[in-house]
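K.L.:
Predicted model and sequence below, questions to follow.
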Amino acid sequence: MSTMNTVGRPTTPNTVETRPATLTGGRGLLQDEALIFEGDGWDKTGVDLPEPKADGSDLGDLVRTDPIGLPGLSEPEAMRHYVRLSQKNHAIDLAIYPLGSCTMKHNPRLNEKMARLPGFSDIHPLQPQSSVQGALALMDTLSHWLTTLTGMPAVALSPKAGAHGELCGLMAIRAAHRAAGQGLRSDHPRNKVLVPTSAHGTNPATAAFVGYTVVEVAQTDDGRVDVADLASKLGEDVAAIMVTNPNTCGLFERDILEISRLTHEAGAYFYCDGANFNAIVGRVRPGDLGVDAMHINLHKTFSTPHGGGGPGAGPVVLSEALAPFAPAPWVVGGKDGLRLVERAEDEAAQAFGRLCAFQGQMGMYVRALSYMMSHGADGLRQVAEDAVLNANYIKARLSDLMSPAFPDGPCMHEALFDDEWLKGTGITTLDFAKAMIDEGFHPMTMYFPLVVHGAMLIEPTETESKAELDRFIEAMRALAAAAKAGDADRFKGAPFHAPMRRLDETRAARQPVLRWRPAEGSNRAAQ
């Protein structure tokens, strides 16, 4: 039997090291693909249309006088073009996506199925409210879950993303101070917002956008807020503090209760960046920690899709003190069912109005609630526990070869390394990250947070199995060993196997080429 199985085909691995160039530019089943403008088909159309019987005289000056400048593609050609492009992107459906802070995790297909139900996917925000009672009931139920999990009495669902939620929270804080006669332009101005050095970059940007002066709060050597520095900067001119907890170093702020006490004694509000709520959901209620406002990134904690520019959702939970200043609309019940209201007349002057035109992203609401209900309270607690366990597993397995930024004690949802272990190798964090691409992994978050030199921020999330974590860890260990062994060429030239080699990223960021133009002298240039 063994002899018959080997007839006509080789049974030993191919040991040839060279990679011959292919005529098509493809690598195996990964097809090469040019820009859609660089292909043929400029003199044809992808569909057969009859000659129009009427002319375009009714268009007046809008009649086209030049060629449209698009290639004619048939349906198979167009489909293959975009599928081939999609194969050049990494995705959470392909492998682990270890972007620390961004939390790229599996989106359960049950959630996608629920969001595509006609009752949710086909509704319109201008429908009569009597015809969307199911959608309003879902929003009301989602609000109940969010307020229960956070221990906060009120929630604004309409913000479209985390940064939008920050804007919502700070606008509510600004409205509350104005109501107390302590607005930005009052005789008793509260015009400062305190932000730790390890905060998400959107925190100071949002505070400045609202009109506040941003004051930096120092960080201790163990990666947490310096409470003494915070206390020295709190005063009657401070409107709020913005603290991320767990923070961007992947650590829980152990002095959070003291931070809350000092803030409130100074008459300021405590804004908590809830981007990392996935590390504590089901275990800690931010309301019990003295938080006044906190946005929740539904993609980070409750698995709604992330990336691609949206749509997203960043609901904001509010304390009793800030609840009257939440934006409209609110879902309320009555004898005729549920309805959206713009707040009671006696409270309308306190709120700052609407944050967006309609009620938020219904598709994200459906996905998030599906995730919550399929897990239940005990399952959500396990989400946090598994996310923390996975991050600590990575930290433990890599700490002998790489240098953890804060080696003492466990981390929370993400493991943070610095570039101390690369000293003397001539290899940078960026070089190491590019070599990860050759191994089939998207690089971790690089050079962030800024308080750690050459930062490598790894977040596995709770959705990765031990087998996938081990596969990722073994690749990281092999790369780290190669770096320490002096194999600089492997890193300085990486990536070797990606569709594109290394680019000038600084120039790409500052001088991006966003429009394709034909080469000078070509037929298309003449068109």
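P.N.:
On my side now, so go ahead.

K.L.:
helices or strands next to the longest helix seen in the chain in the packing?
P.N.:
If you go by DSSP state H, the chain has its longest helix at helix 362-398. Counting contacts by 3 or more Cβ pairs under 8 Å, 6 or more residues apart in numbering; DSSP states H and E, helix 362-398 packs against helix 109-115, helix 118-121, helix 133-150, helix 298-302, strand 415-418, helix 466-484. No exception for glycine: its C-beta is placed from N, CA and C like everyone else's.

K.L.:
How about residues contacting the third one?
P.N.:
In this case it means helix 133-150. 119-120, 123, 129, 152-155, 157, 274, 277, 281-282, 285-287, 291, 294, 296, 315, 317, 331, 333, 337-340, 359, 362, 365-366, 368-369, 372, 380 (Cβ atoms under 8 Å, 6 or more residues apart in numbering).

K.L.:
Over to the fifth one?
P.N.:
Residues from elsewhere that reach strand 415-418 (Cβ under 8 Å, 6+ apart): 100, 223, 249-250, 391-392, 394-395, 398, 402-406, 449, 452-459.

K.L.:
And the closest residue to residue 296 other than its chain neighbours, how far from residue 206?
P.N.:
The shortest distance from residue 296 to any non-neighbouring residue, by Cβ to Cβ, 6 or more residues apart in numbering, is to residue 274 (4.8 Å). Distance, residue 274 to residue 206, by Cβ to Cβ, to the nearest Å: 14 Å.

K.L.:
again, but for residue 398
P.N.:
With distances taken as Cβ to Cβ, residue 398 is found 34 Å from residue 206.

K.L.:
ok, these two, which is more surrounded?
P.N.:
More crowded of residue 398 and residue 206, by other Cβ atoms under 10 Å: residue 206, with 28 against 21.

K.L.:
which ones are touching that one?
P.N.:
Residue 206 touches 163, 166, 167, 170, counting by Cβ under 8 Å, 6+ apart.

K.L.:
that older thread, just the pLDDT for the residue nearest to residue 296.
P.N.:
At residue 274, the pLDDT value in this model is 93.

K.L.:
can I assume it is in contact with residue 294?
P.N.:
Yes. At 4.1 Å, residue 274 counts as touching residue 294 under the criterion of Cβ atoms under 8 Å.

K.L.:
Give the residues shared as contacts by the two.
P.N.:
150, 286, 317.

K.L.:
Of these, just say which sits nearest to residue 434.
P.N.:
Among these, residue 286 lies closest to residue 434 (Cβ to Cβ), at 38.1 Å.

K.L.:
List the contacts of the closest one.
P.N.:
Residue 286 touches 150, 151, 152, 245, 272, 274, 277, 294, 317, counting by Cβ under 8 Å, 6+ apart.

K.L.:
Try it again at 6 Å.
P.N.:
150, 272, 294 (Cβ atoms under 6 Å, 6 or more residues apart in numbering).

K.L.:
what's the spacing between it and residue 476?
P.N.:
In this view, residue 286 and residue 476 are 33 Å apart by Cβ to Cβ.

K.L.:
try residue 444
P.N.:
In terms of Cβ to Cβ, residue 444 sits 9 Å off from residue 476.

K.L.:
next one: residue 63
P.N.:
According to Cβ to Cβ, residue 63 and residue 476 sit 60 Å apart.

K.L.:
Strands of the chain, start to end?
P.N.:
Assigned by DSSP state E, the strands in the chain fall at 154-156, 192-196, 213-217, 238-244, 269-273, 293-295, 316-318, 330-334, 337-341, 403-404, 415-418, 445-446, 456-458.

K.L.:
got any ranges where the stretch 301-450 of the chain has weak pLDDT?
P.N.:
Scanning the stretch 301-450 of the chain for pLDDT under 70 picks out 307-310, 343-350.

K.L.:
next one: the chain
P.N.:
Low-confidence segments of the chain, defined by pLDDT under 70: 1-24, 26, 56, 307-310, 343-350, 521-527.

K.L.:
try 80
P.N.:
In the predicted model, the chain carries pLDDT under 80 at residues 1-31, 39-49, 52-58, 67-70, 185-188, 307-311, 342-352, 518-527.

K.L.:
Determine which residue lies closest to the centroid of it.
P.N.:
Residue closest to the average C-alpha location in the chain (Cα atoms, centre = their mean): residue 102, at 4.3 Å.

K.L.:
I'd like to know how far that residue sits from residue 384.
P.N.:
18 Å.

K.L.:
where's residue 461 relative to residue 430, distance?
P.N.:
24 Å.

K.L.:
same deal with residue 261?
P.N.:
Remark: distance between residue 261 and residue 430 (Cβ to Cβ) = 42 Å.

K.L.:
Equivalent analysis for residue 86, please.
P.N.:
On the measure of Cβ to Cβ, residue 86 and residue 430 end up 26 Å apart.

K.L.:
Not counting sequence-adjacent ones, nearest residue to residue 280?
P.N.:
residue 384 (5.6 Å).

K.L.:
Would you mind confirming that the one you found makes contact with residue 281?
P.N.:
Yes. Look at residue 384 against residue 281 with Cβ atoms under 6 Å: they come within range, at 5.0 Å.

K.L.:
Compare the two (neighbour count), which wins?
P.N.:
A side-by-side neighbour count of residue 384 and residue 281, using other Cβ under 10 Å, places residue 281 first with 26 against 21.

K.L.:
Need phi/psi at that one.
P.N.:
phi -60, psi 140 (degrees, to the nearest 10).

K.L.:
For it, give me its contacts.
P.N.:
301, 380, 384.

K.L.:
now do residue 73
P.N.:
41, 46.

K.L.:
how close does it get to residue 45?
P.N.:
9 Å.

K.L.:
swap in residue 182?
P.N.:
Taken as Cβ to Cβ, the span from residue 182 to residue 45 is 65 Å.

K.L.:
Among these two, which residue is more densely surrounded?
P.N.:
residue 182 (19 against 12).

K.L.:
Torsion angles phi and psi at the more buried one?
P.N.:
Given degrees, to the nearest 10, the pair of backbone angles that residue 182 has is phi -130, psi 40.

K.L.:
and what of the one 5 residues further on?
P.N.:
Backbone torsions for residue 187, taken as degrees, to the nearest 10, come to phi -70, psi -20.

K.L.:
before we move on, back to that, tell me which of residue 86 and residue 430 has more neighbours.
P.N.:
Neighbour count, other Cβ under 10 Å: between residue 86 and residue 430, residue 430 has more, with 17 against 9.

K.L.:
Relative to residue 440, how far out is the more buried one?
P.N.:
18 Å.

K.L.:
rewinding a little: tally of neighbours for the residue nearest to residue 296?
P.N.:
So residue 274, with other Cβ under 10 Å, has 29 neighbours.

K.L.:
Next: residue 451.
P.N.:
Neighbours of residue 451 (other Cβ under 10 Å): 18.

K.L.:
wait, doesn't it sit right on residue 197?
P.N.:
Yes. Using Cβ under 6 Å, residue 451 makes contact with residue 197 at a distance of 5.2 Å.
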